[in-house]
Structures are given as C-alpha cells and as structure tokens.
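Asker: With the sequence up front, the predicted model follows.
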Amino acid sequence: MDPILSIRGMVKRFGGLTAVSSVDLDIYPGEVVALLGDNGAGKSTLIKCVSGVYHADAGTIEFQGQRVNFSRPIDARRQGIETIYQDLSLANNLDVGANIFLGREVQKRVLGGLFKPLNEQYMLDQAKAALDALEIHFPDLTQPIESLSGGQRQAVAIARAVYWDAKLMIMDEPTNNLGVPEQRKVLELIGKLRQEGVPVILISHTLPDVFAVSDRLIVMHRGRKVTEKKTADTDTQEVVQYMVGALDDTREQLPN
Amino acid sequence: MPDRGSNAVIEMGADRLADISPLKKSVLLLSRLWAWAFLGSMILFFIVSVKITSDGAVNFLTVRNSQNILVAITPVLLLGLGQTFVIIGKGIDLSVGWVMSLTSVLAALAIRGAFNAGVPLFPSIVLGLLAAVAGGALVGFFNGTLVAKLKVPAFIATLGSSFIVRGVALLMAENTTVSGLPRGIRDYGNNALFYLIRGEGGGLFFLERPEVTGAMLRNLDRILPYPVLLTAFVVAIAIYVLRRTKFGRHTYAIGGNVEAALRTGIPVDRHIIMLYVMSGSTAGIAGFLSTLRFSAGSAVIGDPLLLSSIAAVIIGGVSLFGGAGTVVGTVIGALIVAVLTTGLVMLNVQPFWQFIVVGTVVILAVIIDQSRDLIVGRAQSE
Ligand SMILES: Nc1ncnc2c1ncn2[C@@H]1O[C@H](COP(=O)(O)OP(=O)(O)O)[C@@H](O)[C@H]1O
Ligand SMILES: [Mg+2]
C-alpha cells in the first residue's frame, strides 16, 4: 500500500535552532500514528510544516502521491489535511452548525441571487448528520458552543474535519486541558476515525492513551526522529527511554 | 481502543445550560432582555413623572415627542451601526465623530458646488450624499488598512486618524461652517412622510406638507421625517447583513476567534478593512443628514456624538471583547440614550445629570453583560 503522506529530509530552523532535523515520515491509509517526544522535541513544528503553518527549510512532502508545497494552512485544508488544535479552530460564540461550515457557509439565492442569505436550515441539518455519523449527540445544536465542554468542542472540530472529507487528520495534544471522561471520548473518536479509514497523526504526552489508540509510534528527540515502532512491539518504558534520549536508533548503540 | 462491534454511542452530556438552576436561568433570561425591559420601564417612568411634575399638563408620550426622539437618535444610531460591526469584529472606531464632521463639510461643498454649477437641486443633493459616503469610506479604508495590514491597534489607528480627519475637516470648511447652500435643501432634511394636524380642521396628510401658519403650526406634527426613513433603511440593511449573510457570520467569527477565522480560510484582513469602510460610510450618511438638516456643513458637528454612539452600542449589548452583539440591540441602546436625555430635559433636570445618568447606565449594562458570563461560566475553565 502506498503511503498517503510521505515526508523526506524535512528540516526547519528557527534562527540558529534546528527544530526539525532531516526527518523522514510515512503515514499509511487508516492508521493512527502517535508522534512522541519531550517538550521542545519538534513535534508541533514538524506537523506545522505539513499543515502549511510553517515552510520547511529543506525536504519534500508528498501527499496522496503528489508533491505538495503549502504556503498557507488553508491550502493544506483544501487538499484534505485537517489539523485539530486544542481550541483554536472553533469560534466559541457561534453554534455547532456555524462552526462546521465556518468559512464555507452555504447560501440561498433569493430574487435571482440579489440576496444571498445563509441557508441556516441546510447547515443545521448537515451538522446534525455529520455528528450523527460519528455517533455524537448534543441536546441542542443552536447554542453557541461556549456552553459546551472542552471535549464536546473537540468533537465538533473532529466532526467538521470528517464532514469536509479529511484525508489526513493531525491532532496536536487534543486531550490537553480535558477532564478524564472527556479525554476518553476524544480517544473513542480517534478510534472511529480509524474505522472510517481516516489516518491520524496524534501528538500526545499521555502514554496510556497513545498505547490505547495508536498503530505505530514515532519518537522525536531534539528535532530528530530517534525511532519508529509498531505500538504492539514496544512498551511505555522503552518509549520513555527514547523520549529522554537514552535510546536512539539512529546512532550506534554503545555496547554496555 | 473502542472495538468496531461495540457501536458505542458517544453521549457528550447534557448542554451546560440545561444543568443550571431555574434561578440562574431566569437571571440569564433577564440579562438578555434587560435592555428592552429597561427601555420600557424608563418610558413608563417618564410618562408618570412628567405628568406628576407638570401637574398633568405635559404628556411625555406624544407624537411630537416620539418623532423628536427619532430625529435625535438618527446621527447617534448611524454612527453606532458601523461601530456595531467594527466592535463585533473585535475592533473599535474612534474616528466616526470627526468623520461625520468631515463628511458634513464634504456634502455641503459638493451640494453647493454642483448647484452653483447649474446642477438641479435633487441631483446636487444626491452628489452630496455620494461625496459624504465616499469620503467616509475612504477614511474607513485608511483605518482598516492600518489595523488589518499594518497591525496598528484599532484604538491607536482610529484615534490618530481622528485627529487627521479633524484637521482636514476644518481645513476644507475654511473655518467651522460651510454655508451658502441652496434654499430648498432644508425641505429634504426636514420634510416627512406624514403630517398630522391635531385639533379641528386637522387630519393626517401624506407626503405634502399642509399649509399652516401662525398658531396652527403648534398643532402640526411631522411623522417619519426623511432622515429617519433613510436611517431606518440603513438599519434594515444592517440587520440583514449581520444576521443573515456570510459577511455577518464572518464578522462574528473574527470577533470570536480570529485564529479560527484564519484557519478556515476567511479573508480576515479584507474583512476587517471592510468593517471600517462600513463604519466610515455610515458616519458619512450621518454627516450628510446633518448638512441637510441644518442647511450647512459643520466641521464640528460630529465630535460630541462619538461617545454617545459608543454608549448606545455598549448599552445595546455589543461586547467590547468582540464576537457578540446585535443591530437591534444598538437601536435599543440609542433609544435608551435618547429617551433618557429627552425625559430628563422634560423633567427640568439640570443637563449635567444627563451625563451622570448615561454613564451609570453604560456601566450597568456592562456589569449585567458580564454577570451573564459569570453565570454561564467560561467553558474553557472546565
Ligand atoms: N515560532 C518559533 N520561533 C522560534 N522557535 C520556535 C518556534 N516554534 C518552536 N520553536 C522552538 O523549536 C523547538 C521545537 O518546538 P516544538 O515543535 O513546539 O516542540 P514540541 O511540540 O515537540 O514540544 C523548541 O526549541 C521551540 O522553542
Ligand atoms: Mg507542541
């Protein structure tokens, strides 16, 4: 099977600091890949290069077999790369439907297109269908989402991505700031995404979560990818060793 | 990991609003409707108190009074309309007062120039309107570009441009007033859709101003003067745009979360520029109308109205933090300010009390608004 996303030799520097250093990465359809590493390892920077927030200094990105070069996040989104940030991509003062259609509102044409009011009903119905598809149920979709909990909002963001036909979902610490039950719901949603065949790159510090949902994991240390393993073939202890730099597949292991 | 077969339904829990107590719920409802309630009770208060203090001789709620209030709020409301959009989009436009002055001068110069060059009266007036709106829009474009492209904080950008506009207005007026406007202009600024003559031999007249003179003039009321009609038209457009269109939706989104708006591909910079262009344009209409009303351009007419217009917007429930507010709210806010002012005048209260009362109401409005947030709670903190 061909990878849906293929990164080769990616480098990103901030001044003198090399935040991402020659990283190769492949993501295959329908898999959940965890991206791990200590704070400052370069995880966020790496995925921001993929989602068009940053421009890599070197390296190539192939998405669905095509070389791509996103200059803005919206370019990446248009190709189906959706990024879920903790709270950043929803407008809390708008309702669920408005958020799912944010920036892609559906309009009616009245008097031959002289007036183009929003088609609220259509957007509401579609929003409901999108949530239903993921088996997410809210009592009231017409409330501003600020009345929802963090996990509920995360669910809205995920439903939006799925509705707009995400080909790759990137989640940067999606369960941060969430209570434990809410975290579980988000993890369930990630499972649902996998069922739907949407590949996920998951950045998380919560190792039990990572082991619960991921198929594969990649550990970064100081900008470099230090290992890549099937989740089933490793354990927490080993992963932590990679995270802190005690283990590193890219350098010759010293005999002990 | 949830297994495929379990088909677990993700119940995202009850809406937080449903969780809160009935007491909190009613406080919440009250905070939403308070402006209506306040306006209503204020009108009642003035009806009663004016009656009592005048020993039953004076009536607060007369046709004439209501029309006076409507005329009084047109400039404040027009300034407030553009401001409503700007503030919902998390900005502020401190230049609207002086923009109104500048555009009053522009309208006067355009009308006088055109008329003296032989253009008939009505087309001259239309030219005046166009000049005023174009001038206001241009200042708005300047403001918007400073804010959106050069990232100058809105407060500073519009404060600075306000001074510039002030200077330009005084320069163009070559003093403070542009006079020498054609005579007929007064009619456009003061005529009304209906005229009502009270008492015997009276009646309701449509469009044509009945010939009345002398003592009978006191029985003549103008109903829906043209400036009020034009303002009502602009209000209707503003309601439609803010509530029903993509533009309105994006305005809320930008005010609510600029980051989200950017990520979803909303053309944020262009939109912000447009908000200031709108604000300048409605200030332009206000300037034009004041020129019609007083048959002269005034380079100082708008300045005192800036703070009243912001007060109206805030009382009407627009949040200075962006992302919340409605046009109808602003209309009510403007009505509250005007009713307060008129009522206090009729009670023969010394004028400085008006300021004290309006100021108190503004602060009260914000407190009520925030108590709503406290009750609902910031969802983030969960
Ligand atoms: N915009 C930026 N400007 C300068 N340095 C940055 C920027 N973003 C990240 N960095 C630096 O790059 C390194 C990697 O950061 P980041 O990708 O956020 O790490 P992670 O997400 O793994 O915690 C850190 O040393 C961080 O300080
Ligand atoms: Mg990070």
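Answerer: That came through, no problem. Ligands and ions are numbered 1, 2, ... in the order given.

Asker: rest of the way, CA atoms for contacts and neighbours
Answerer: Fine.

Asker: Is there proximity between stretch A:26-41 and chain B?
Answerer: No - counting by CA under 8 Å from any CA of the partner chain, chain B has no neighbours in stretch A:26-41; the shortest distance is 11.2 Å.

Asker: so who does the closest residue to chain B within chain A touch?
Answerer: Using CA to the nearest CA, the closest approach of chain A to chain B is made by A:S89 at 4.0 Å. A:S89 makes contact with A:A157, B:N257, B:E259, B:A260, B:A261, B:R263, B:T264 under the criterion CA atoms under 8 Å, 6 or more residues apart in numbering or on different chains.

Asker: give me the residue from the stretch 101-250 of chain A nearest ligand 1.
Answerer: A:G223 (6.8 Å; CA to the nearest ligand atom).

Asker: Run a quick neighbour tally on that residue.
Answerer: When neighbours are counted by other CA atoms under 10 Å in any protein chain shown, A:G223 registers 24.

Asker: got it, and B:F355?
Answerer: 14.

Asker: what about it, helix or strand, and which?
Answerer: helix B:352-376 (DSSP states H and E).

Asker: For B:L224, see how far away the residue sitting furthest away from the middle of chain A is.
Answerer: The outermost residue of chain A, judged against the average C-alpha position, is A:L111 (41.8 Å), by CA atoms, centre = their mean. Going from A:L111 to B:L224 by CA to CA, to the nearest Å gives 29 Å.

Asker: ok, A:N119 - contacts?
Answerer: A:E105, A:V106, A:Q107, A:K108.

Asker: There's contact between the second one and A:M123 in this structure, I believe.
Answerer: Yes - taking CA atoms under 8 Å as the definition, A:V106 is a contact partner of A:M123 at 6.9 Å.

Asker: so what does the helix holding B:F355 touch, helix or strand wise?
Answerer: Counting contacts by 3 or more CA pairs under 8 Å, 6 or more residues apart in numbering or on different chains; DSSP states H and E, helix B:352-376 is packed against helix B:22-53, helix B:305-315, helix B:327-346.

Asker: ok, 10 Å please
Answerer: helix B:16-19, helix B:22-53, helix B:305-315, helix B:327-346 (3 or more CA pairs under 10 Å, 6 or more residues apart in numbering or on different chains; DSSP states H and E).

Asker: isn't the residue of the stretch 101-250 of chain A closest to ligand 1 right up against A:G9?
Answerer: No - using CA atoms under 10 Å, A:G223 is not in contact with A:G9; the gap is 11.8 Å.

Asker: Report the set of residues contacting both of the two.
Answerer: Counting by CA atoms under 10 Å, 6 or more residues apart in numbering or on different chains, the contacts common to A:G223 and A:G9 are A:V20, A:S21, A:S22, A:V23.

Asker: and the last one, how far is that from A:G223?
Answerer: Spatial separation of A:V23 from A:G223 under the definition CA to CA is 8 Å.

Asker: who touches both of those two?
Answerer: In contact with both A:V23 and A:G223: A:V11, A:K12, A:L46, using CA under 10 Å, 6+ apart.

Asker: can you put those residues in TSV and add neighbour count?
Answerer: Listed next are the shared contacts of A:V23 and A:G223 as TSV, based on neighbours: other CA atoms under 10 Å in any protein chain shown:
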residue	neighbour count
A:V11	23
A:K12	23
A:L46	25
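
Asker: how deep is B:P22 tucked in, by neighbour count?
Answerer: Other residues close to B:P22 by other CA under 10 Å number 10.

Asker: what's the spacing between it and ligand 1?
Answerer: 44 Å (CA to the nearest ligand atom, to the nearest Å).

Asker: Identify the residue nearest the closest residue to chain A within the stretch 201-350 of chain B in space, chain neighbours excluded?
Answerer: Using CA to the nearest CA, the closest approach of the stretch 201-350 of chain B to chain A is made by B:A260 at 4.0 Å. For B:A260, ignoring the flanking residues on the chain, the nearest one in space by CA to CA, 6 or more residues apart in numbering or on different chains is A:S89 at 4.0 Å.

Asker: Assign a three-state SS to the one you found, would you?
Answerer: Secondary structure, DSSP: H, G, I helix; E, B strand; the rest coil: A:S89 is coil.

Asker: in the stretch 101-250 of chain A, what spans have low per-residue confidence?
Answerer: Low-confidence segments of the stretch 101-250 of chain A (pLDDT under 70): none present.

Asker: Start from the N-terminal end of it and give the strands.
Answerer: Assigned by DSSP state E, counting those that start in this stretch, the strands in the stretch 101-250 of chain A fall at A:136-137, A:168-172, A:200-203, A:216-221, A:224-230.

Asker: Can you tell me which of these is nearest to B:L307?
Answerer: strand A:168-172 (44.5 Å; CA to CA).

Asker: ok, that closest one: who's next to it in the sheet?
Answerer: strand A:81-84 (parallel), strand A:200-203 (parallel) (DSSP bridges).

Asker: Which strand residues bridge the residue nearest to the spatial centre of chain A?
Answerer: Geometric centre of chain A, nearest residue: A:I170, 1.4 Å, by CA atoms, centre = their mean. Beta bridges link A:I170 to A:T83, A:I201 when assigned by DSSP bridges.

Asker: which residues sit in contact with it?
Answerer: A:32-34, A:47-48, A:50-51, A:81-85, A:199-203.

Asker: Okay, helices next: where are they in chain B?
Answerer: B:16-19, B:22-53, B:63-88, B:96-116, B:121-148, B:154-173, B:185-190, B:226-244, B:246-256, B:258-263, B:268-294, B:305-315, B:327-346, B:352-376 (DSSP state H).

Asker: looking at those helices, which is buried most?
Answerer: The highest mean neighbour count among the helices of chain B, using mean count of other CA atoms under 10 Å in any protein chain shown, belongs to helix B:96-116: a mean of 30.

Asker: can you list the residues of chain A near ligand 1?
Answerer: A:F14, A:A19, A:G37, A:N39, A:G40, A:A41, A:G42, A:K43, A:S44, A:T45 (CA under 6 Å from any ligand atom).

Asker: Buried among the residues you listed? Need that as a selection in ChimeraX.
Answerer: Buried subset of these, written as a ChimeraX selection, criterion 16 or more other CA atoms under 10 Å in any protein chain shown:
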select /A:19,37,41,42,43,44,45
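
Asker: rewinding a little: Serialize the contacts of A:S89 to JSON lines and add fields for distance to B:L364.
Answerer: Output for those, formatted as JSON lines (distance: CA to CA, whole Å):
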{"residue": "A:A157", "distance to B:L364": "36"}
{"residue": "B:N257", "distance to B:L364": "26"}
{"residue": "B:E259", "distance to B:L364": "31"}
{"residue": "B:A260", "distance to B:L364": "32"}
{"residue": "B:A261", "distance to B:L364": "32"}
{"residue": "B:R263", "distance to B:L364": "36"}
{"residue": "B:T264", "distance to B:L364": "36"}
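
Asker: Out of these, which is nearest to B:M274?
Answerer: Among the contacts of A:S89, and counting by CA to CA, the member closest to B:M274 is B:A261, at 15.4 Å.

Asker: can you pull the contacts of that closest one?
Answerer: A:88-91, A:99, A:102-103, B:250-255, B:267-268 are the contacts of B:A261 under CA under 10 Å, 6+ apart.
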